[in-house]
Every structure is written in C-alpha cells, then in structure tokens.
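give me a model of this one.
(2 chains)
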There are 2 protein chains.
Amino acid sequence: LTDIKIVILAGGQGTRFWPISRGRFPKQFLSISSGEESLIQATVSRVRPLADEQDILVTTNAQHVSIIKEHLPLVEVISEPVGRNTAPAVGLAALHVVRANPDAVMILLPADHIVSKEQDFLDTLNRAAQLAGELDVLVTVGLKPLSPHTGFGYIQRGDQVGDCSYRVSRFSEKPDLERARKYLESGDYYWNSGMFIWKAKVLLQAIEKHMPALYEGLMRIDSAIGTDTEASVVQNVFDSLESVSIDYGVMEHAENCAVVIAGDIGWSDVGSWDAWSDHCVKDQQGNAVLGDVLALESRNCVVNSREKLTALIGLEDVVIIDSRDALLVCKRDRVQDVKEIVAELKQQGREDLL
Amino acid sequence: LTDIKIVILAGGQGTRFWPISRGRFPKQFLSISSGEESLIQATVSRVRPLADEQDILVTTNAQHVSIIKEHLPLVEVISEPVGRNTAPAVGLAALHVVRANPDAVMILLPADHIVSKEQDFLDTLNRAAQLAGELDVLVTVGLKPLSPHTGFGYIQRGDQVGDCSYRVSRFSEKPDLERARKYLESGDYYWNSGMFIWKAKVLLQAIEKHMPALYEGLMRIDSAIGTDTEASVVQNVFDSLESVSIDYGVMEHAENCAVVIAGDIGWSDVGSWDAWSDHCVKDQQGNAVLGDVLALESRNCVVNSREKLTALIGLEDVVIIDSRDALLVCKRDRVQDVKEIVAELKQQGREDLL
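Numbers count the residues shown, from 1 in each chain, chains lettered A, B, ... in the order given. This next block holds a predicted model:
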C-alpha cells in the first residue's frame, strides 16, 4: 500500500463571503449550518478513511495558525510567514512530506470546498494515488464541467492512461465565456478542481526544473529544519519569493508528465453566497435561512443572520448577511460584486471591517 | 387676541415603523435625520409662534411620560393611565384648558406629523382659532386630497363660511378605493388631518351631548383635580371608559356645528417607511439613507441603519431598517405589511421585540 500524506491548503481569504468571513476568519472556518463542522473540519473528516490525523498537514498563514488548531487540534500545521500564493506553500509542505517518507504520495486539497459524493471522492483519490505512485506523474482531479463557468481553470485531456485517466494535453487559465462554451461543447475539457496528487519528491523535482528560485529557497529551509534558525530562514525565504500559484508555476510547464483523472464527486468550491445556499436546507418558498428569521411572502432568498431577529417582506432573490459590525443586502445575481464592497472598504482604510 | 392653548396628542404606538419604533419608543420620538429634532419636538417648535411653552399640553400614555419630559422639558404633560383612543384623552385635556381659561381656544395636533409649509400652517391655525372663537364651532383642518388614499378619513364640505372655510356636510370614515376615487374627482372632499380647533368649553358641551358617559367621567375627574385622590379617580374613570376616537365619538355626530378650513400646508402623516423617505435627503440614485451605508448600483432604496456598516448591491425599491435587536428588509411597496410582522411577533409572545 502506498504511504499517503494529505496536505490541506488553508491560506484563503474568502472575501466573497464578507461580511461573515473576514481576514481573520476566512471561509474555511465557516459552517454551512448551525452546529455543523466547519468546511475545513469537514475536509479532514472526509479524508480520514485515507489517512490518520498524524498524516494530515495543514498549511496556513501565520495569523490563522491558532484558529486552525482550535478547529483541528490533532493535525500538524505548517505556518507560512507571509502569503505567497500556493507554490511556496505547496513546496514547503512537500519538503516536510519527503523528510518523513521519501516515497510518500501527497494529496493536496483545498480547505474550503464541498464534496457530496464522498465514496466516489475517496475512490478517485485512491486511483490517483496509485497512478502517482506507479508512474511518477503529477495527477490532477478534473471535474466534468456543468456550465461554461469562467471562474475556473480548464484542463484538456489527451491520450487515455487508464480508467477515467488521461495524459494532460493542456492547462488553460480561466477562459472568457466564448472559449468556456467551446470547452464545454468539445467534451474533452475538465474543470481544474485544485486537487493534486503526486509523490512529494516528484513535485520537488518539477519545482527544481520550473521554479529554480523556489527550489533553492526550499533547500535552504531544508538545511535549517530542526535548528534554531528554522523560523528565521523560512521567514527570509518567503520574504524573497514571488507570489505564484502551483498551477501557473509548475503544472502549466509540466504538461508532459501530468495526468488528469476524471472525478464525479459532487464537488463545489462554494464560491459565493449564492453557491453556499445550494448546500442549505430550504423552506417551502425556496429560502435558505440561518438564524431567527420571519419571511413574509418572500422567495428564493438567502439569509444568514444570527445576531438578531430578521424580518423579510415581499422579497425575491435577495441575499441578506448580517454580522456583528456589518450588514450586506444584495441581489442574488450580484453576489460576485461583494468583492467590490471589500475593495472599497480597503480603499477607505476601514481595516476593522475586512 | 384669542387665548390659545395647544394640545398635542402623543399616544400613538407607531407599529408601522417597527423595528425602530417600539411600544416604548413610538414614532413621535424618531427624527427624520440624524441630529435633528424628533417629530414631537418639531411639532412643538412649529407652533411656538402661536403659544408659549407653558400654553402647550401634551397628552400621552403613562409609560411615555418620562421620555416626553426628556424631549420637551418645559411643556405640561397629561398622563393617560390606560390608552382609550383619542376621545377620553382630548376630553381630559379640554378639562385642563377650561380650568386655566374658560374661554380659551384649544388647538389639537397629532405629535407625529410633518408640515413643510410652516407659515401657511400658522395662518390656517390662526384663522381657524378666530372662527372657533367667534362662532363657537368645532373647526377641523381639511387637506386637499392628492390621491385616492384609503388610509384617511374624508370630510365633505357644505356651505361656505369664510375664506377657505365651509360648514361640514359629512364626515366619512376611511373609504374603499372606489369611493376614494369619487371623493377625489368630486372636488368637495378633504382629507381629515386630525387637527382640530375649538373652544375647550364648546368641545366639552359636544362631549356632554354625544358621549355622556365620558362627560360624566370627566366631571368626576374635575372634582378631584388638585386633591389627593386625583390620580386614582383618573385611573378609575379611564378604566371604565370605552376606546373611542374623537372623530367617531364627537365629530361625526356634530356635523351641524362643524366647520372645515382648507389648508395647503405641506402636510404628511408619515404613515410608513415609504412616506418617511419622502422627507429625507436622497443621493443621486434616489436612495434615502441614514447611517454608514455603501450603496453599489442600488436605486430608490430606504436605509435606516445606525448600528453598523450596511452594504447594498444591485437593489431597487428595497427598505432596510436595522435596529439593535431586529432587522427589517422589505420591498418598498409592501411597507404597510410591517404590521403583519408585528402581529406575528405579538402572537409568538415576543414582547421584547415589540
């Protein structure tokens, strides 16, 4: 059996869930329903059949280490001293994995996604781990696109490698609508889920080849791990690195050794309050409601208001999110523009609200 | 010059302004804009050219006496031990006026209305006081109807008495829409403003004739005023009285001695959040906003939110009222249904929110 390590990337800021999610409390710490697990706790629970808690690593920004430890007291946390997008964080995690077991397969998962078909998800990861272990390839989980979504990267498949798995022909960044429609029609494109499976050492080789500055920094960290200077070396290295995603920095250049495995796993990145409500229980009028709410002749609204009684009258397709110090009321088809509010607050210097 | 006493009726509950206005804090204590006078303070300021503060009486429910004294430290307050609609409160006020000056003309005004043409308002009241003083009639200020409003009583005018004043032909309760349209078209109906002008002793005579039980109660109170038993007698009398409005109990039966004076005074009863916004300064998108608000592509909204930042995205014709312990979000053409929310809360026994 392959030795599997799970690495969960929990560096996100989640401005799309303002005003509930904040710089200090991003999306992965939210729960879909009152009293339920947070998204990051659910991510860990979901992979437990594949790995014990001591084989799970979480990488996060320094400011979130303590809240991660509240949510996940038993997992190991790797702190990124400054946010540098995913490539440095993934490289650092790979370093830790290799040191623990040079042949381990590392499964990289975002902390804040939802997967409803758990068994299919586990089966897909198991098959991906097998491919990664046998072929020394970089495996990515591809999702059959359900719409011409312009918010995801796409992966074009090439020759078949095995059951539902293919050589990657090409990675494509977020397309415009016209291209997204073509991808959808062609039938040989997948959404890039952000879930990757590879031997940690194979990834480090790919980083050495495609991101030599990062590799050099990781080697400096490697020499310092376990010494008194570890923290300061990690700090210095991260300070000097550029912000680059693992997709852009490695995967797009490593197409010749990349494999996509198609997964039908009931996946959602829960990218907005609108998507959020897809996972909530709804009342007979289609309202997804969290909190003490009286809805009078209102339909298809999304309410998250746990501070006080909230009364709705005659509303349709309205999103109402109330927090201690900010209230959002938004037409449902405009939820993506929450980021404009966040940008405006940033410009006004209102850090307390971010 | 006629001796004028102003009586301000401040017994209203104002459920239509929930959740800002409450049982303990009705509409007359609200301000249209931050830092401005409350409606009841504005009512007093508006009539000051006609009367000194010691000639102004306010009648209110026992529970509101202390807040009235905060808003109006210099005026005399008459406490109604239990709410019995307007007739008993007006009768009690008339008793006090007569005792101070048997010939005084009493001007009765609601506490929570808006009048934008202040000089025309004062001129109208002056002429009304003159009529009431000379003819011993019950004068009511009639307002030229601007729409077939079904929320007001109407007054049909008869023979002309003087400049813009007419004998009352008939008082009509709130009509249905069809009748309201006919009244509007006919041109000889006015809205009943709820402002009345009469000699206090003439009113007491009308009460004696049309509401003998109330008159008898008032006479019992009259004997007790200034004695140790005053409070308990007022309590006993009010406990025994029926709830009747002065319109229904007296005016509708006294048509033969009633006069309507037509006033073009820029009047509004501010009967809803929608009407409220007519008096607010608006931004370029027609939003009437009170508080810390960021409105992104939103139009004709009404926001009263002083507790926290409120962000709007893509909304049109939505009313958002936030208070410490309740939040209302309501389509603008449904503001009248706020009373249904209040009724529902009452039924649920949630007195803390009423």
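
pLDDT value on A:A129, please?
Looking at A:A129, its pLDDT stands at 96.

meant to ask about A:A311, not that
On the pLDDT scale, A:A311 gets 98.

that one: what secondary structure?
Taken by DSSP: H, G, I helix; E, B strand; the rest coil, the conformation at A:A311 corresponds to strand.

for it, what are its contacts?
A:A311 makes contacts with A:V293, A:L294, A:A295, A:L296, B:P19, B:A326, B:L327, B:L328, B:V329, B:C330, B:V338, B:I341, as judged by CB atoms under 8 Å, 6 or more residues apart in numbering or on different chains. In this view, the C-beta of every residue, glycine as well, is placed from N, C-alpha and C.

how about a cut-off of 7 Å?
By CB atoms under 7 Å, 6 or more residues apart in numbering or on different chains, the contact set of A:A311 is A:L294, B:A326, B:L328, B:I341.

of those residues, which is the nearest to B:S66?
B:A326 (23.2 Å; CB to CB).

now for the closest residue to the closest one other than its chain neighbours: which residues touch it?
Excluding its sequence neighbours, the residue lying closest to B:A326 (CB to CB, 6 or more residues apart in numbering or on different chains) is B:P19, at 3.6 Å. Each residue near B:P19 by CB under 7 Å, 6+ apart is listed here: B:I321, B:S323, B:A326, B:L328.

ok, A:L50 next?
A:I4, A:I6, A:L122, A:L125.

that one and chain B, how far apart?
41 Å (CB to the nearest CB, to the nearest Å).

tally of neighbours for the closest residue in space to A:L203 that isn't next to it in sequence?
Distances taken as CB to CB, 6+ apart place A:A94 nearest to A:L203, at 4.9 Å, with adjacent residues excluded. Residues lying near A:A94 (other CB atoms under 10 Å in any protein chain shown) number 27.

any idea how far A:T310 lies from B:L328?
8 Å (CB to CB, to the nearest Å).

now A:Y215
58 Å.

the residue nearest to A:L203 looks like it's in a strand, true?
No. Counting by three-state DSSP, A:A94 is not found in a strand; it is helix.

show me the contacts for it.
A:M106, A:A200, A:L203, A:L204.

the second one contacts A:A100, doesn't it?
No. The pair formed by A:A200 and A:A100 falls short of the contact definition of CB atoms under 7 Å, at 8.9 Å.

between those two, which one's more packed in?
Counting neighbours by other CB under 10 Å for A:A200 and for A:A100 shows that A:A200 has the greater number, 26 against 15.

quick revisit: the contacts of A:L50 into JSON lines, with extra columns for pLDDT, secondary structure and neighbour count?
Below are the contacts of A:L50 laid out as JSON lines (pLDDT from 0 to 100; DSSP: H, G, I helix; E, B strand; the rest coil; neighbours: other CB atoms under 10 Å in any protein chain shown):
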{"residue": "A:I4", "pLDDT": "96", "secondary structure": "strand", "neighbour count": "23"}
{"residue": "A:I6", "pLDDT": "97", "secondary structure": "strand", "neighbour count": "26"}
{"residue": "A:L122", "pLDDT": "97", "secondary structure": "helix", "neighbour count": "17"}
{"residue": "A:L125", "pLDDT": "97", "secondary structure": "helix", "neighbour count": "27"}
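
dump these to a markdown table, plus distance to A:M251.
Putting the contacts of A:L50 into a markdown table (distance: CB to CB, whole Å) gives the following:
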| residue | distance to A:M251 |
| --- | --- |
| A:I4 | 20 |
| A:I6 | 19 |
| A:L122 | 23 |
| A:L125 | 18 |
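
please identify the helix or strand for A:I107.
strand A:105-110 (DSSP states H and E).

pull that strand out as CSV, backbone CA atoms only.
Taking Å, rounded to 0.1, in the frame of the first residue of the first chain, the C-alpha atoms of strand A:105-110 are listed here in CSV:
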residue,chain,number,x,y,z
VAL,A,105,2.3,10.2,-2.2
MET,A,106,1.0,13.6,-1.2
ILE,A,107,-2.7,14.5,-1.8
LEU,A,108,-3.2,18.2,-2.0
LEU,A,109,-6.7,19.5,-1.2
PRO,A,110,-8.2,23.0,-0.8
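
tell me which strands the very next helix or strand once past it pairs with, and in which orientation.
Downstream of strand A:105-110, the next assigned helix or strand under DSSP H and E is strand A:114-115. Its sheet considered, strand A:114-115 pairs with strand A:267-268 (antiparallel) by DSSP bridges.

and the next helix or strand past the partner strand?
helix A:273-277.

can that next one be found next to chain B?
No. Figure legend: helix A:273-277 not in contact with chain B (CB under 7 Å from any CB of the partner chain); closest approach 10.7 Å.

in the stretch 51-200 of chain A, what residue is nearest chain B?
A:G151 (17.8 Å; CB to the nearest CB).

so who does that residue touch?
Contacts of A:G151 (CB under 7 Å, 6+ apart): A:K174, A:G271.

low-scoring stretches of chain A, by residue?
Filtered on pLDDT under 70, chain A yields the residue ranges A:1-2, A:34.

that one: helices as residue ranges?
Assigned by DSSP state H, the helices in chain A fall at A:39-47, A:65-71, A:86-100, A:118-135, A:177-186, A:200-210, A:212-224, A:230-240, A:246-249, A:273-277, A:338-347.

need the winner for burial among those helices.
Greatest average neighbour count among the helices of chain A goes to helix A:86-100 (a mean of 23), per mean count of other CB atoms under 10 Å in any protein chain shown.

just the CA atoms of that one, as CSV, please.
Taking C-alpha atoms only, helix A:86-100 is exported to CSV below (Å, rounded to 0.1, in the frame of the first residue of the first chain):
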residue,chain,number,x,y,z
THR,A,86,0.2,28.3,-3.4
ALA,A,87,3.5,27.3,-5.0
PRO,A,88,5.8,28.2,-2.0
ALA,A,89,3.3,26.7,0.5
VAL,A,90,2.9,23.5,-1.5
GLY,A,91,6.7,23.3,-1.9
LEU,A,92,7.2,23.7,1.8
ALA,A,93,4.6,21.0,2.6
ALA,A,94,6.3,18.7,0.1
LEU,A,95,9.6,19.2,1.9
HIS,A,96,8.0,18.1,5.2
VAL,A,97,6.4,15.1,3.5
VAL,A,98,9.7,13.9,1.8
ARG,A,99,11.6,14.2,5.1
ALA,A,100,9.0,12.0,6.8
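
before we move on, back to that, the residue of the stretch 51-200 of chain A closest to chain B and A:I20, how far apart?
For A:G151, the distance to A:I20 - CB to CB - is 20 Å.

quick one: name the residues of the stretch 201-350 of chain A near chain B.
A:294, A:296, A:305, A:308-315, A:318, A:320, A:322, A:325-331, A:334, A:337-338, A:340-341, A:344.

can you do 8 Å?
Residues of the stretch 201-350 of chain A lying close to chain B by CB under 8 Å from any CB of the partner chain are A:294, A:296-297, A:305, A:308-315, A:318, A:320, A:322, A:324-331, A:333-335, A:337-338, A:340-341, A:344-345, A:350.

from those residues, which would you call buried?
A:294, A:296, A:305, A:308-315, A:318, A:320, A:322, A:326-331, A:334-335, A:337-338, A:340-341, A:345 (16 or more other CB atoms under 10 Å in any protein chain shown).

which among the contacts of A:A94 gets closest to B:T59?
A:M106 (78.5 Å).

so what's the closest one bridging to?
Here A:M106, judged by DSSP bridges, has bridge partners A:K5, A:W198.

contacting residues for it?
A:I4, A:K5, A:I6, A:V7, A:A93, A:A94, A:V97, A:I197, A:W198, A:K199, A:A200, A:L203.

kindly recompute the last result at 7 Å.
Counting by CB under 7 Å, 6+ apart, A:M106 has contacts A:K5, A:V7, A:A94, A:V97, A:W198, A:A200, A:L203.
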